[in-house]
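**Q** predicted model and sequence below, questions to follow.
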Amino acid sequence: MAPNINPTLPLLLLLLLFTLHLSSVSAWKKEEFRTCNQTPFCKRARSRKPHSSSLFATDVAILDGALTANLRQPPPESPDQDQIKPLLFTLSVYQNGVVRVKIDEDPSLDPPKKRFEVPDVILPEFESTKLWLQRFQTETVDGDSGPSSVVYVADGYEAVLRHNPFEVYVREKQGKRRVLSLNSHGLFDFEQLRVKQEGDDWEERFKGHTDVRPYGPQSISFDVSFFDADFVYGIPEHASSFALRPTRGPGVDDSEPYRLFNLDVFEYIHDSPFGLYGSIPFMLGHGKARGTSGFFWLNAAEMQIDVLGSGWDAESGILLPESGSRIDTLWMSEAGIVDTFFFIGPGPKDVVRQYTSVTGMPAMPQLFSTAYHQCRWNYRDEEDVENVDSKFDEHDIPYDVLWLDIEHTDGKRYFTWDRVLFPNPEQMQNKLAAKGRHMVTIVDPHIKRDESFHLHKEATSKGYYVKDATGKDYDGWCWPGSSSYPDMLNPEIRSWWSEKFSLKNYVGSTPWLYIWNDMNEPSVFNGPEVTMPRDALHYGGVEHRELHNAYGYYFHMATSDGLVKRGDGKDRPFVLSRAFFPGSQRHGAVWTGDNTADWDQLRVSVPMILTLGLTGMTFSGADVGGFFGNPETELLVRWYQLGAYYPFFRGHAHHDTKRREPWLFGERNTELMRDAIHTRYALLPYFYTLFREANTSGVPVMRPLWMEFPSDKATFSNDEAFMVGNSLLVQGIYTERAKYASVYLPGGQSWYDLRTGIIYKGGTTHKLEVSEETIPAFQRAGTIIPRKDRYRRSSTQMANDPYTLVIALNSSHAAEGELYIDDGKSFEFKQGAYIHRHFVFSDGKLTSSSLVPNAGKTLFSSACVIERIIVLGHSSGPKNALIEPSNRKAEIELGPLWLRRGKSAPVLTIRRPNVPVADDWTTKIL
């Protein structure tokens, strides 16, 4: 990281420092980032002993439908000690098992400023689900000398405010077993804002940077316990295992907490708790005994979270109620307030629904964006773009989106084009659009400080930039050199930014152009830890330390809103963001950032994407092939085979790497990568249906095995395999020259090999031979998967193609599945303009019925038909099927499971039933 750059330095020296930065970021440098011991609030919180909190609750009452109290401490033992002012406590209950606990300073006691509460994350409609409490009960718990207050949460659940010592928890009403608790170990601490007195030294220094901290230490920390949990998950983003490992306790040596602090981390290492590009402070506990629970802290300041290993508190003398298993955690944040949510579950899908009821459901993407994307830093010019596009067609490889990185601009000025390299950008985009393809360009938050650049002049004149601690426009270094950053906390500035994406303002853009937000942590090359100083100032006097993790979220929001405005509110946006925060799922997709071309990074991509999906960010993926480095051919092929099942599927590479488009590695490897991409395109109807499920329920497209098999302990720590929806299980190959793979297939039903149709027993681990052709993937018995089997240049060109249904029979010779269809691009689905079919196979008959409310009123139609119906697990005798209500027969034959693909045993196929996909019908095997 370069030192602070003095504006008076000669330009030559500035360029030298910038160049040194670029060369230094080719690998992750641990020493450039703070550890917990170098972060005072984290060091202080970790040093506290259990039961050090002496808070107790007084003045308990029901006010505005919530349970309220004052949290106080005993008077100081010495007159030299500060008297801690009472804190305000509020507990609110919401529908469907959500409890919200807020703790803040009392504004009537005149604090130096209002502590920051993160705006525009919680859905406005969430507040309408509040249950207005009318009363509370009192009882004595855990042998206390005084009472505790108990309120209703949901059928079978209660929330308890323990008065002295202060503790809050949710429990089951029957048996009073705890589910989640806060401050059970007495680690709660709330550093109150103060006015600086003579002699106070609040400054913090790191690597030549000074943070003035004008309000002094203001951190918050507390313990949270997950009862009956075997593992905890969540709190992205880290390149680590899916089940979070302990960071403190017996047998844990010198581990850092899981850090949540959005940072631009180049070539990050795997298996590390170090924080990366985004932060979602939402953790889930899961265990066989009870199920799933969740805890979310809405706070945008830096956070550090310890997962405490068994026995960490052995010397504390604290005895908690008996529990089969319990996982304790310590949550530490530099600033903000306590604004926490308890989710009672009890199933994993219940917890995800509860979380997304607060922060929002994932946006419904445009269909094209769920297909394959081709990206590189950078495609050089229009000729390069045209050549890459034509090569995909020449090699019969479909793709939907071509991406342009920063070099397409005029001197890193966003919303511009290098008119030498890209003289006709609209014509270039229109050529792609003629094939049903789209383009994405990059727009980062740093604006080049150039008086001739209209965007900079306008932002400066309007006062729209983030300010430094002295009140001047903050000046940091990024790709353009000297740069400033729009203050996206301000709704007015977000609205101004969104207008820049209109076809009039973004000269050279077309309706086929979509956007990529990179570097929005925000990245500042000469800033502390490669980001903005914590004492920089935002709208309303908010310090950057208070909102840092949400900066990229607001930038993503404003960009997404801009694309909606561009289309007059008719078309869905597509915006990829590197930084994220709770609620980002409402605005677009994310990816795992600057990974590396090695096998370990391929391996860690799965737990990273699983964690993102579990915490709301279902539209996510990893750069296929690795961003940095040159992947060996086998690794690249395996990455395409795995990436074809990522929710977001994009190949990307650094400009220093060799070109790696799929046709550059010999005919056989081209064939293998083509086959992987074809698999994704065939499964697009299934993926799109899953994206709709995520859009309505929050349940992710790519899921951990235990989300579908929550009682199977063998799945709890398995992050080498994953589910796509409830029907497909995928196992990656993570080592070179692998001959065999051990694959655990959960559940009591069978599984069918996705490629061959071979049947495997469930509930056991299979040692399978591995070929270069594919990675292990299986369809679950009892499911029906929709496909489109005709190969086209892009997903857009597949719109009118017929469907194939693949029915995988279970032991009862039954199966079911769904298919969702809409126009693939507009918001009209929100008014009911869609088709949603439910397929049920039972007693030899397949039935199609509508899941659309008021199905008699058709707002969207499709002329597509079902072209083939494949039935796995059925005997091969029947020759015909009867289709009703048309009262006609369709021929049954033994045909291939996949057309134009490798060998498989012939499977029972109903040929050309040609039933309309939008209609009710039955097909009975005779």
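**A** Everything's here; your move. Numbering: from 1, shown residues only.
**Q** which residues sit in contact with the closest residue to residue 911 other than its chain neighbours?
**A** Sequence neighbours aside, residue 891 is the residue nearest to residue 911 in space, at 5.0 Å (criterion: Cβ to Cβ, 6 or more residues apart in numbering). Every residue, glycine included, has its C-beta placed from N, CA and C. With contact taken as Cβ atoms under 8 Å, 6 or more residues apart in numbering, residue 891 is in contact with 879-880, 910-912.
**Q** partners of the top strand by length along the chain, with directions?
**A** Once the chain is assigned using DSSP state E, the strand that runs over the most residues is strand 907-916. Its sheet considered, strand 907-916 pairs with strand 865-872 (antiparallel), strand 888-895 (antiparallel) by DSSP bridges.
**Q** buried set for it?
**A** If you call a residue buried by 16 or more other Cβ atoms under 10 Å, then strand 907-916 has these buried ones: 907-910, 913, 915-916.
**Q** just checking, what packs against the very next helix or strand once past it?
**A** Sequence order places strand 921-925 as the next helix or strand after strand 907-916, per DSSP states H and E. Under the contact definition 3 or more Cβ pairs under 8 Å, 6 or more residues apart in numbering; DSSP states H and E, strand 921-925 sits against strand 845-850, strand 880-884, strand 907-916.
**Q** before we move on, the earlier item: how far away is the residue nearest to residue 911 from residue 166?
**A** For residue 891, the distance to residue 166 under the criterion Cβ to Cβ, to the nearest Å works out to 73 Å.
**Q** what's the straight distance from one end of stretch 657-674 to the other?
**A** Taking Cα to Cα, to the nearest Å as the measure, stretch 657-674 stretches 21 Å from start to finish.
**Q** if you could redo that for stretch 772-789, that was the one I meant.
**A** Using Cα to Cα, the distance between the terminal residues of stretch 772-789 is 22 Å.
**Q** give the rounded mean pLDDT of it.
**A** If you average the pLDDT over stretch 772-789, you get 98.
**Q** could you list the buried residues of that stretch?
**A** Residues of stretch 772-789 classed as buried under the neighbour-count rule (16+ other Cβ under 10 Å) are 774-789.
**Q** also stretch 122-139?
**A** Of the residues in stretch 122-139, those scored as buried under the neighbour-count criterion (16+ other Cβ under 10 Å) are 122-123, 126, 130-131, 133, 136.
**Q** alpha carbons only: can I get that stretch in CSV?
**A** Provided in CSV are the C-alpha atoms of stretch 122-139 (Å, rounded to 0.1, in the frame of the first residue of the first chain):
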residue,chain,number,x,y,z
ILE,A,122,-35.1,-2.9,6.4
LEU,A,123,-38.2,-3.2,4.2
PRO,A,124,-40.7,-0.4,4.8
GLU,A,125,-43.5,-3.1,4.9
PHE,A,126,-41.7,-5.1,7.6
GLU,A,127,-42.9,-2.7,10.3
SER,A,128,-46.5,-3.5,9.3
THR,A,129,-45.9,-7.1,10.5
LYS,A,130,-45.3,-5.9,14.1
LEU,A,131,-47.3,-7.7,16.8
TRP,A,132,-48.4,-5.0,19.2
LEU,A,133,-47.7,-6.3,22.6
GLN,A,134,-50.4,-5.6,25.2
ARG,A,135,-48.9,-7.0,28.3
PHE,A,136,-46.0,-9.1,29.7
GLN,A,137,-45.8,-11.7,32.4
THR,A,138,-43.2,-12.0,35.1
GLU,A,139,-41.6,-15.0,36.5
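**Q** which ones are touching residue 235?
**A** If you count contacts by Cβ under 8 Å, 6+ apart, then residue 235 has 244, 258, 260, 280-283, 305, 611, 615 around it.
**Q** for it, give its distance to residue 562.
**A** Using Cβ to Cβ, residue 235 is found at 30 Å from residue 562.
**Q** and the residue lying closest to residue 65 once chain neighbours are set aside, what pLDDT?
**A** Nearest-residue entry for residue 65: residue 132, 3.3 Å, with adjacent residues in sequence omitted and distances by Cβ to Cβ, 6+ apart. We have a pLDDT of 97 for residue 132.
**Q** same deal with the one 4 residues further on?
**A** You'll see residue 136 listed with a pLDDT of 97.
**Q** what's the separation between it and residue 374?
**A** Residue 136 sits 59 Å away from residue 374, taking Cβ to Cβ as the criterion.
**Q** can I assume residue 810 sits in a helix?
**A** No. Residue 810 sits outside any helix when classified using DSSP: H, G, I helix; E, B strand; the rest coil, being coil.
**Q** quick one: it from residue 873, how far?
**A** Going from residue 810 to residue 873 by Cβ to Cβ gives 8 Å.
**Q** and residue 161, by the same measure?
**A** For residue 161, the distance to residue 873 under the criterion Cβ to Cβ works out to 55 Å.
**Q** tell me, what residue is most central in the chain?
**A** Central residue check for the chain by Cα atoms, centre = their mean: the C-alpha nearest the mean position is that of residue 617, 2.5 Å away.
**Q** that residue and residue 236 touch, don't they?
**A** Yes. Residue 617 is within contact range of residue 236, at 7.5 Å (criterion: Cβ atoms under 8 Å).
**Q** ok, back up a step: dump the contacts of residue 891 to JSON lines, plus pLDDT and distance to residue 641.
**A** Listed next are the contacts of residue 891 as JSON lines, based on pLDDT from 0 to 100; distance: Cβ to Cβ, whole Å:
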{"residue": "879", "pLDDT": "92", "distance to residue 641": "37"}
{"residue": "880", "pLDDT": "96", "distance to residue 641": "38"}
{"residue": "910", "pLDDT": "97", "distance to residue 641": "30"}
{"residue": "911", "pLDDT": "96", "distance to residue 641": "30"}
{"residue": "912", "pLDDT": "97", "distance to residue 641": "31"}
